[in-house]
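Colleague: Show me the folded form of this:
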Amino acid sequence: MASIDKLHNSAQKFIQKGQFDKAIGVYNKIVDLDPDIRNHQKLAELLGKADRKTEAVEEYKIIAEHYSSNSEFLKAIAVYKLMQKLNPEKPDIALSLASLNNRLGLRGNALAEYTAALTIFEKHKDNSKALKALEAMAELDNENPTTMLRLAEKYFLLDESDQAFDTFVKLAKLLKEQKNETVLNQVYERLEKHFPDRVEEAHAMVNTSTAPEAAEPEYGEQSFEFSGGDDTSYELNPAGTEGSNESGFSFSEDTNSNYLQSEQNDDAKWEYIDFDLGGGDSPAEIPTHADNTPEFDPLKDIDISHNLSTPASNVQDSLNNNKSSNEFVDLVGEFKALFNEIDFGTGETTLSGNTQTFNDSQQNLDTESHYSLGLAYRGMEFFQEAIDEFIIAAGSKKRWFECILLQSICYRDMNDLRRAEELFKTISKYPHITPDQYIGVIYELAICFELQEEKSKAAELYNKILSIKPDFRNVANRLAALK
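Modeller: Numbering: from 1, shown residues only. This is a model prediction of the structure:
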């Protein structure tokens, strides 16, 4: 163990000097001696920093397979997302992500990853694999006309005529049920072009009470090579609820914090605590059940954009783009553009220049998924990646408080104490903050002061917390240690 400690110290010195290649050499020795997953994570991180992307992806793959095989699917997804950033052109990564998201019941995310894989297959004109991706998408979302059209055209391109015909008829039946006559007529035109001898048959099938079901895909999820994990069913607990242990993280040391919960305690009767936070305005008065607090939009009413590595406008964009899976933007225009691509291109269905043909909801992970990924990254000590996810998830009013608090804690874990302090002060002014949440934020801020050797400020906050709630966590011990 002593030799491992020496190697860790040696690697840390190289890292501090920015000599990542030398640090990687040391960590290769560490992994050989102690293949703990945390050592693999550090090695992968260093390989990424050294721009050795291929090696980093392979190392991350070991980590992702580890988490997947242990049914820690959110962590596996988080690692595959890191791999995807390093190599966005590798379809196997997108397919693994689609499979994992599907296991967790995150259908929209799975569709987005299948779409990413499809884009790559189309780009490289790998039509057989593109077909499988489309089949998987249609299986997940069998009422998406655009996906069905692309699937029908791909069947026809690959000379699977019966499947193409059946899928066109199924699509026509769906459009008829939706009373979308304009697009239905366009589909009939495609049928007439591809199957001039079967147009009457198609009309008869569409006008009957039932339409032929396209044959069930034989490949299923498993036809894409996906390494890691068994077929154990896994129930995803909503983030932050009792029983959710996927993230593997905890707050400052010794507690099961309850101040992330938004519900107020009916018995709580807290008075306003006039804390001096070392500059800036005093926090808003703690609201109670009797308060008629005006509606508060944290995205507009509190400016935190100077603290974020991602522009605040991107957060709002993520909200604007999160549309219903059944909403289609100008379906007539989409189909016309798609037909033009097919007819005037190479005879193949491509995605270039026409990304709007897929539902916006398939292009963006929902905010809850970003929140869950943030928790997973923090549990693995990928703090910057966690912050990036919490920034996006903060676009949800429901999650705003938790996301800003978690960003603050991540910055503190990264030893960026000034930025952490700023964010702690910011969320202390949140008008809808509950008493427990408020005390919790002030406690985290006191720890931040303590780490900055600002003992008098930390002691002042600890004393005021004790005057309100004497048994709050380990405040008394922390205060005694400051003396």
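Colleague: So which bits of stretch 121-133 are buried?
Modeller: Of the residues in stretch 121-133, those with enough neighbours to count as buried (16 or more other C-beta atoms under 10 Å) are 121-122, 127, 129-133. The way it works is simple: take the backbone N, C-alpha and C, and place the C-beta from them, glycine included.
Colleague: Now name the helix or strand holding residue 204.
Modeller: If you go by DSSP states H and E, residue 204 is part of helix 199-207.
Colleague: For stretch 152-170, which residues meet the burial criterion?
Modeller: When neighbours are counted by 16+ other C-beta under 10 Å, the buried residues of stretch 152-170 are found to be 152-157, 160, 163-170.
Colleague: How about stretch 412-430?
Modeller: Within stretch 412-430, the residues scored as buried using 16+ other C-beta under 10 Å are 412-413, 416-417, 419-430.
Colleague: for residue 403, what are its contacts?
Modeller: With contacts defined as C-beta atoms under 8 Å, 6 or more residues apart in numbering, residue 403 is in contact with 371, 374, 390-391, 393-394, 396.
Colleague: if we go to 7 Å?
Modeller: 371, 390, 393-394 (C-beta atoms under 7 Å, 6 or more residues apart in numbering).
Colleague: which one of the residues you listed sits closest to residue 34?
Modeller: Distances from residue 34 to those, taken as C-beta to C-beta, are shortest for residue 390 (31.0 Å).
Colleague: Residue 194: neighbour count?
Modeller: 17 (other C-beta atoms under 10 Å).
Colleague: for the one 10 residues further on, same thing?
Modeller: Other residues near residue 204 come to 11 when the count uses other C-beta under 10 Å.
Colleague: now swap in residue 393 and tell me
Modeller: When neighbours are defined as other C-beta under 10 Å, residue 393 has 29 of them.
Colleague: From residue 374, how far off is it?
Modeller: Taken as C-beta to C-beta, to the nearest Å, the spacing of residue 393 relative to residue 374 amounts to 6 Å.
Colleague: How about residue 444?
Modeller: According to C-beta to C-beta, residue 444 stands 17 Å off from residue 374.
Colleague: which element follows the host helix or strand of residue 368 toward the C-terminus?
Modeller: In this assignment (DSSP H and E), residue 368 forms part of helix 367-379. Tracing the chain past helix 367-379, the next element assigned as helix or strand by DSSP H and E is helix 383-393.
Colleague: what's the angle from the helix or strand hosting residue 57 to helix 367-379?
Modeller: Residue 57 belongs to helix 53-69 when assigned by DSSP H and E. Using axes from the mean of the first three to the mean of the last three C-alpha atoms, to 10 degrees, the interaxial angle of helix 53-69 with respect to helix 367-379 works out to 100 degrees.
Colleague: who touches helix 53-69?
Modeller: Residues contacting helix 53-69 (C-beta under 7 Å, 6+ apart): 37, 40-41, 43-44, 47-48, 75-76, 79-80, 82-83, 86-87, 100, 227-229.
Colleague: Which ones among those residues lie within helices?
Modeller: When those are checked against helices using DSSP state H, the ones located there are 37, 40-41, 43-44, 47-48, 75-76, 79-80, 82-83, 86, 100.
Colleague: List just the nearest of these to residue 381.
Modeller: Ranking these by separation from residue 381, with C-beta to C-beta as the measure, puts residue 41 on top at 7.4 Å.
Colleague: The closest one: neighbour count?
Modeller: Under the neighbour criterion other C-beta under 10 Å, residue 41 is assigned a count of 20.
Colleague: Repeat that for residue 35.
Modeller: By the other C-beta under 10 Å criterion, the neighbourhood of residue 35 contains 11 residues.
Colleague: Give me the distance between it and residue 171.
Modeller: As defined by C-beta to C-beta, residue 35 lies at a distance of 51 Å from residue 171.
Colleague: before we move on, what about residue 451?
Modeller: Summarising the geometry, the distance separating residue 451 from residue 171, computed by C-beta to C-beta, is 61 Å.
Colleague: the more surrounded of the two?
Modeller: For the pair residue 451 and residue 171, the greater number of neighbours falls to residue 171 (26 against 14), based on other C-beta under 10 Å.
Colleague: my guess is residue 167 contacts residue 149, does it?
Modeller: No - here residue 167 does not reach residue 149: they are 8.5 Å apart, not a contact under C-beta atoms under 7 Å.
Colleague: what are the phi and psi angles of residue 18?
Modeller: Taking degrees, to the nearest 10, you get phi 80, psi 20 for the backbone angles of residue 18.
Colleague: Just the pLDDT for it.
Modeller: At residue 18, the predicted lDDT confidence score is 94.
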